Structure formats: C-alpha cells, structure tokens
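Fold the following, please.
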Amino acid sequence: MNTTTLPDLNSCPPAAFADALRGIYEHSPWIAERAAAYRPFPSLAALRQALQAVVAQASQDEQLALLRAHPELAGKAAIAGELTAESTGEQAASGLDRCSPEEYARLQELNAQYGEKFGFPFILAVKGPTGRGLTRSAIIATFARRLENGIDLEMQECLRQVHRIAEIRLNVLLGVELRFGPQVMDWAEILGAISDTDEGLTCAYMTAAHQRTASQLAAWMRAAGMDTHIDAVGNVVGRYAAAQAGARVLMTGSHYDTVRNGGKYDGRLGILLPIALAQYLNERGERLPFHLEVVGFAEEEGVRFRSTFLGSSAITGRFDSALLEQRDSDGVSIRAALEAAGHDPSAIPALARSPDSLLGFVEVHIEQGPVLLQRGLPVGVVTAIAGSSRYLVELSGVASHAGTTPMDMRRDAAAAAAEIVLLVEARCSGRGSLVGTVGQLEVPLGSVNVIPGQCRLSLDIRAASDEERLAAVDDILAGISAICARRGIGEKRWKLVEADAAPCSPRLMDMLGAAIEDAGLPRFDLLSGAGHDAMEMAKITDVAMLFTRCGNGGISHNPLETMTADDAEVAGEVLLGLLRRIRTYA
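The predicted structure is shown next:
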C-alpha cells in the first residue's frame with residue numbers, strides 16, 4: 001500500500017502504517033510499529049511528536065541500536081553502495097559522494113576518532129536546517145566540534161539529529177510543501193550576509209549594514225502588500241491594513257540589530273515570520289478585522305551606544321531624549337548617527353502610540369536556551385520576561401609580591417572576587433526562576449607573580465518575580481560588603497540596569513496555547529530569562545511571546561545559533577491561528 005497522506009496513515013492497518021514509514025528511521029521499524037498505537041494524528045506535527053515519544057520511551061539499548069543503524073558519513077558503506085535510498089540521496093545532496101581526497105581522508109579520520117570515543121556513528125542531518133544540503137566544509141567543522149562533547153550530551157544530540165532526518169523524510173513521503181518556513185530561512189540568510197564586519201554577523205545601530213538591513217526589510221514588507229515606512233528612530237514599520245480604516249492594531253515584531261558576531265535568527269525571526277504571514281494573507285486576498293502591524297525595532301541589543309530598547313521605547317513614548325547625546329567609541333552621538341542616516345531626531349516623540357489604538361503586542365522569538373530542545377517541542381508559550389538587575393563592582397586590595405607575602409597577610413582582590421562568584425551561585429541556585437551570573441571578571445594589569453590589587457566584575461541577577469530578584473540583590477550586595485570587610489578590600493559599585501519583570505497577558509497566552517493545541521502539539525509554558533522588546537511594549541499594552549526551538553544545544557548570540565524551517569513553519573501556523581482567534585476579540 002502506497003500511503004502518502006495523513007488520513008491514509010491514520011486509517012490503514014498497523015502493519016501498513018509501519019511499512020509506509022519504513023524508511024523514515026534508519027533500519028528501525030519498531031518505532032513506527034509502536035507509534036501506530038497513538039493514531040489518529042490530527043496533524044503532521046502530532047505524528048512527529050508521537051514518533052519522537054516512542055524513541056524517548058525506548059530503552060538505552062534500543063536507542064543505541066537506532067544510532068548504530070546509521071551509516072558513517074562518506075564511509076565504507078557509501079563507497080560500496082550499501083546505504084539506504086534515503087541516506088544515499090541525503091549524502092549526495094551535500095556532495096559527500098564527491099569528496100576530494102583530502103576531504104575524504106579527513107572524514108575517515110573523524111569517523112575513526114568518533115567511533116572510538118562514542119561507540120556509535122556521527123549523525124548529522126546533512127540537508128541542514130533549511131532542508132538544503134550543507135556544504136562539506138560545514139559538515140567537517142560540525143563533526144570536529146561535536147567530537148569535544150561528552151558521551152551523554154552527544155548521544156542526545158545524535159538522537160535529535162535522527163529526529164530531524166525523520167522530519168525531512170516525512171515531508172518528502174507526504175509531499176509536504178512548507179508555506180512559511182523556507183521563506184523565513186531564505187530571508188534570514190540574505191540578512192545574515194549584511195554585516196558591519198567581514199567575518200560573522202554584526203549589525204549595530206545606524207551603521208551602513210543596519211541601514212541596508214532596514215531597506216531590505218522594507219522592500220519585503222512592500223512586496224507582501226504592506227504599507228511601509230522607516231520612522232525617525234529607524235524602526236521599519238509595515239501595516240497590513242484591515243478592511244476598516246478605523247480598526248485597532250495588533251502589533252508584532254522584534255529587533256533587527258544584533259550583538260557582535262551574533263546569530264541570524266535572534267530578533268529577526270519575529271520580523272520575518274509575520275511578513276511571510278502577511279504575504280500569505282495578501283495572496284489569498286484575505287483581510288483581518290484589525291490592522292496587522294509588523295515592526296522591525298531598530299535597536300534592542302545596545303552594542304554601539306550602550307543603550308537598549310531605543311526602537312520600542314520610541315513606540316511606547318518612553319524614549320529618553322538625553323540619549324541622543326550619548327556617543328559611541330568613535331565619539332559619534334546618536335543624534336549625529338540618526339541625522340547622517342537621513343532621520344529627524346526631533347520627530348521621535350511623535351512616534352508614541354496611544355494604548356487605546358492597540359489590541360496587543362505579540363513577539364515571536366527563538367528561545368535562546370535549551371528547554372524546548374530538551375523537551376522535543378518546536379514552540380512554547382512565554383509566561384513572563386524576567387526582571388533584571390545589573391551592577392559593575394570594582395574591588396581594591398593591595399598589589400604585592402606573590403612570593404614574599406604570606407597568605408594570611410594578603411589583601412587579594414581576585415580572591416575576594418572568587419568568593420563573590422561563589423556567593424552569587426549559592427544565593428541563586430535552587431530558587432525557581434532566580435538566576436545569577438558574573439559574566440565579566442577582570443584583573444587589570446595582572447601579572448603572574450603579583451597578588452591582584454584590583455579586580456572588576458559584573459553582576460546580573462534575574463527572576464520572574466521582582467520581589468524575589470530584589471531580595472537576592474540585597475543579600476548579594478550585603479554579602480559582597482561582608483566579604484570585602486573581612487578581607488580588607490575596598491568596594492565600589494555602579495548600578496547599570498534595573499528592569500522590572502514583564503508578565504504576559506493570560507488572555508493572549510491562552511490564545512497562543514489554543515493555537516498550539518490546534519496544531520496537534522501540547523502547550524508548554526516557560527519563562528524568558530532574556531530581555532525582549534515585549535518588556536517595553538508591556539508598558540502600554542497586553543503582550544505575549546511565542547518561543548521557537550533553538551538548535552545546537554540552545555546556543556544563541558553566536559554564529560552557531562540555528563533553528564529549522566520546519567520549526568519556523570510550526571511557529572507560523574501558531575501565529576496564524578492566533579490571528580484567527582483574535583478576530584472575535586477585535
């Protein structure tokens with residue numbers, strides 16, 4: 001039986017179901033056989049979740065057998081033509097059948113090292129996150145990087161790659177054509193090539209790369225049928241108009257600036273995905289009972305001018321005009337940068353929106369963490385954005401000779417800093433959403449044979465509850481003072497950030513959760529530990545956030561940041577489902 005539709009898979013006998021999915025998991029028919037018991041599946045996403053659940057519930061020996069059923073990349077089986085048809089096609093798509101002698105030798109070396117260390121073959125979805133073939137150099141680089149993992153971590157990564165391969169194969173089997181995901185991934189690649197630097201991706205506020213990125217976003221918005229402009233602070237604003245001119249606005253979007261050497265999806269996913277949805281609605285001639293406004297916020301990261309949320313604070317009417325005189329490392333002010341780019345800083349106050357005009361703000365964002373990845377879920381509903389307290393602390397001791405100063409007579413600033421790091425870790429561990437980090441630690445003019453006389457460190461304390469966060473800050477600051485007094489160390493500190501937590505709207509959260517369940521997936525709620533433009537927007541309207549799974553162990557703010565076209569597709573379906581539900585509220 002040639003079963004190629006989901007209804008057929010739901011209704012056919014169990015043996016036929018298992019036979020139809022025989023090539024989805026390499027030489028492991030038991031996965032489909034067990035998944036048959038979960039039928040019927042309301043969606044392809046639900047089928048994928050069921051298959052993954054079977055593997056997750058399997059014994060470790062069964063999981064290892066699944067991994068060992070996969071071939072080595074460009075290994076002996078490939079040369080002898082012994083691969084399954086699926087593996088042959090996938091390896092060929094990345095040119096692994098056309099390796100140079102040097103590439104082939106390197107792959108054989110890596111295969112041998114990997115097999116000796118882990119006892120199963122290296123597994124990678126060589127079609128990549130977009131569904132297109134990875135380059136051989138990218139495959140080899142990933143292979144070498146993952147050789148550094150521990151066995152438990154690498155086994156879990158291999159299982160995730162197995163599921164990604166199965167996801168791609170299911171799309172082929174069922175003839176699935178994704179509506180939103182590939183477009184979003186393609187656009188992200190185009191934007192990722194526009195950078196302030198030759199290596200990596202850096203897009204700082206009002207640089208040439210920043211302005212080019214804004215122009216490209218505006219062009220895509222116009223092509224999607226949106227009324228588009230770039231405002232006085234640099235926000236790119238596209239409106240997919242409602243049938244009625246006086247309708248209220250549902251706003252969505254995120255930021256398009258990046259950190260230094262950042263990732264392609266942080267912020268930008270939340271702009272590109274709703275543009276793709278607007279394009280879809282426009283092609284269908286479908287209008288919503290509210291204006292759908294997509295905003296590419298000009299600045300959220302604070303890289304160039306050490307100022308965050310410039311774009312969203314202008315929308316909320318909270319832009320601090322004093323910031324216009326703030327300067328970058330070259331002495332250029334924000335005012336001068338705006339004027340050089342053709343913007344009128346005096347027009348920024350007029351960008352403020354009336355809360356009465358807004359239905360709410362919804363931000364789609366990659367998670368930037370591993371929670372969804374570890375749970376095998378493509379999307380999750382954010383409950384709140386954690387509040388944050390940040391400090392810079394400077395410790396002053398006495399620099400003296402490392403060989404002649406007895407241990408009990410030292411005033412070691414670095415030793416005090418080490419004790420502070422452990423204090424932060426102890427105070428913030430095991431307390432729900434509370435987290436604490438010393439992300440910067442510096443010994444100025446340090447020398448190998450000199451006891452450190454100075455040390456600087458940063459503090460970053462976050463929690464979903466402001467009360468919990470502020471209590472931890474009080475305890476940590478008091479603890480720092482006690483450590484310094486006991487060690488004879490001078491202490492100075494500066495508060496850098498004090499941002500309140502932003503709870504998400506229960507009504508919008510429930511709508512997002514219902515849209516996820518409509519897609520055949522379980523609703524899962526999680527906290528955002530990172531700050532987002534939604535924090536600022538929460539000052540004037542209800543907000544909600546949809547997190548999308550982040551690959552590579554949840555790495556973000558890094559060139560290794562990744563996600564998949566299939567996860568972008570799920571996020572698009574959920575966001576579209578939310579728009580349908582808001583119809584009744586508008």
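
going forward, measure contacts and count neighbours with C-alpha atoms only.
Fine.

Can you give me the end-to-end span of stretch 354-361?
One end of stretch 354-361 to the other measures 13 Å (Cα to Cα, to the nearest Å).

tell me which residues in it are buried?
Buried positions in stretch 354-361, judged by neighbour count with 16 or more other Cα atoms under 10 Å: 358, 359, 360, 361.

Surely the last one forms part of a helix?
No: assessed with DSSP: H, G, I helix; E, B strand; the rest coil, residue 361 is strand; it does not lie in a helix.

show me what contacts it?
Shown in contact with residue 361 (Cα atoms under 8 Å, 6 or more residues apart in numbering): 250, 251, 252, 534, 537, 538, 541, 542, 543, 544.

what does residue 492 give?
393, 394, 395.

Show the pLDDT at the first one.
Residue-level confidence at residue 393 comes out at 98, pLDDT.

picking up where we left off before, can you tell me which of the contacts of residue 361 end up in strands?
250, 251, 252, 543, 544 (DSSP state E).

mind putting those in CSV, neighbour count included?
Listed next are the ones in strands among the contacts of residue 361 as CSV, based on neighbours: other Cα atoms under 10 Å:
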residue, neighbour count
250, 20
251, 23
252, 24
543, 27
544, 29
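
in the chain, which helix or strand is least confident?
Lowest by mean pLDDT, DSSP states H and E among the helices and strands of the chain is helix 76-79, with a mean of 56.

Determine the next helix or strand in the C-terminal direction from that one.
Of the helices and strands lying after helix 76-79 in sequence (DSSP states H and E), the nearest is helix 85-93.

export that following helix as PDB, just CAs?
Extracted in PDB, the C-alpha atoms of helix 85-93 (Å, rounded to 0.1, in the frame of the first residue of the first chain):
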ATOM      1  CA  ALA A  85      18.000   5.000  -0.700                       C
ATOM      2  CA  GLU A  86      17.200   7.800   1.700                       C
ATOM      3  CA  SER A  87      20.800   8.000   3.100                       C
ATOM      4  CA  THR A  88      22.300   7.800  -0.400                       C
ATOM      5  CA  GLY A  89      20.200  10.800  -1.600                       C
ATOM      6  CA  GLU A  90      20.900  12.900   1.600                       C
ATOM      7  CA  GLN A  91      24.600  12.300   1.400                       C
ATOM      8  CA  ALA A  92      24.700  13.100  -2.300                       C
ATOM      9  CA  ALA A  93      22.800  16.300  -1.700                       C
END
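
all strands for the stretch 101-250 of the chain, in order.
Assigned strands in the stretch 101-250 of the chain, in chain order: 227-230, 236-240, 249-255 (criterion: DSSP state E, counting those that start in this stretch).

re earlier: now, among the contacts of residue 492, which is nearest to residue 518?
residue 393 (49.3 Å; Cα to Cα).

Run through the residues that contact the most centrally placed residue in the chain.
In the chain, the residue lying closest to the centroid (Cα atoms, centre = their mean) is residue 366, at 3.0 Å. Listed by Cα under 8 Å, 6+ apart, the contact set of residue 366 reads 265, 266, 267, 269, 547, 548, 549, 550, 563.

Could you dump those into TSV with secondary structure and distance to residue 371 added?
As requested, the contacts of residue 366 are arranged in TSV below (DSSP: H, G, I helix; E, B strand; the rest coil; distance: Cα to Cα, whole Å):
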residue	secondary structure	distance to residue 371
265	coil	17
266	coil	16
267	coil	18
269	helix	18
547	strand	10
548	strand	10
549	coil	8
550	coil	9
563	coil	14
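
of those residues, closest to residue 376?
Of all these, residue 376 sits closest to residue 549, with 8.6 Å by Cα to Cα.

from memory the closest one sits against residue 378, does it?
Yes: counting by Cα atoms under 8 Å, residue 549 does reach residue 378; the two are 5.0 Å apart.

list residues touching both of the two?
372, 567.

Show me which of the two is the more surrounded one.
Set side by side, residue 549 and residue 378 show more neighbours around residue 549, with 29 against 23, by other Cα atoms under 10 Å.

OK, contacts around the more buried one?
366, 367, 370, 372, 373, 377, 378, 379, 563, 567.

Among these, which one lies nearest to residue 121?
Distances from residue 121 to the contacts of residue 549, taken by Cα to Cα, are shortest for residue 373, at 21.5 Å.

just checking, the closest one touches residue 550?
Yes: if you go by Cα under 8 Å, residue 373 and residue 550 touch, sitting 6.6 Å apart.

which of those two has more neighbours?
Set side by side, residue 373 and residue 550 show more neighbours around residue 550, with 27 against 20, by other Cα under 10 Å.

wait, is residue 296 part of a helix?
No: counting by three-state DSSP, residue 296 is not found in a helix; it is strand.

Apart from its chain neighbours, what residue comes closest to it?
Take residue 296 and drop its neighbours on the chain: the residue closest to it by Cα to Cα, 6 or more residues apart in numbering is residue 236, 4.8 Å away.

if we look at the sheet, which residues does that neighbour bridge to?
residue 230, residue 296 (DSSP bridges).

got the contact list for it?
Residue 236 neighbours (Cα under 8 Å, 6+ apart): 214, 217, 218, 228, 229, 230, 295, 296, 297, 298.

From residue 219, how far off is it?
In terms of Cα to Cα, residue 236 sits 10 Å off from residue 219.

do residue 230 as well
Separation of residue 230 from residue 219 (Cα to Cα): 11 Å.

More neighbours: these two, which one.
residue 230 (19 against 15).

doesn't residue 237 make contact with the more buried one?
Yes: the pair residue 230 and residue 237 passes the contact test of Cα under 8 Å, sitting 6.1 Å apart.

okay, and the common contacts of those two?
In contact with both residue 230 and residue 237: residue 218, using Cα under 8 Å, 6+ apart.

So, low pLDDT: which residues of the protein?
Counting by pLDDT under 70, the chain shows low-confidence ranges at 1-3, 75-84, 86, 88, 131, 583-586.

Tabulate the ones in strands among the contacts of residue 361 in a markdown table, adding columns for distance to residue 288.
As requested, those are exported to a markdown table (distance: Cα to Cα, whole Å):
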| residue | distance to residue 288 |
| --- | --- |
| 250 | 10 |
| 251 | 13 |
| 252 | 14 |
| 543 | 19 |
| 544 | 19 |
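
Return the closest of those with respect to residue 190.
residue 252 (21.4 Å).

Could you pull up the residues touching the closest one?
Contacts of residue 252 by Cα under 8 Å, 6+ apart are 270, 271, 274, 292, 293, 294, 295, 361, 362, 363, 364.

What's the separation between it and residue 229?
The spacing between residue 252 and residue 229, counted by Cα to Cα, is 15 Å.

Most remote residue from the middle of the protein, which is it?
The chain, Cα atoms, centre = their mean, max distance from centroid: residue 404 (50.5 Å).

Next, that one: secondary structure please.
Following three-state DSSP, residue 404 is assigned to coil.

Distance check, it against residue 448.
From residue 404 to residue 448 the distance is 14 Å (Cα to Cα).

How about residue 259?
Applying Cα to Cα, the value for residue 259 to residue 448 is 33 Å.

mind checking which of the strands of the stretch 101-250 of the chain is nearest residue 428?
Closest approach to residue 428 among the strands of the stretch 101-250 of the chain is made by strand 249-255 (29.6 Å; Cα to Cα).

after that closest one comes which helix or strand?
helix 269-284.

buried residues in that next one?
For helix 269-284, by 16+ other Cα under 10 Å, it's 269-282.

Same list, those, but as a markdown table with distance to residue 170 please.
Listed next are those as a markdown table, based on distance: Cα to Cα, whole Å:
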| residue | distance to residue 170 |
| --- | --- |
| 269 | 24 |
| 270 | 27 |
| 271 | 28 |
| 272 | 25 |
| 273 | 23 |
| 274 | 26 |
| 275 | 27 |
| 276 | 23 |
| 277 | 24 |
| 278 | 27 |
| 279 | 26 |
| 280 | 24 |
| 281 | 27 |
| 282 | 29 |
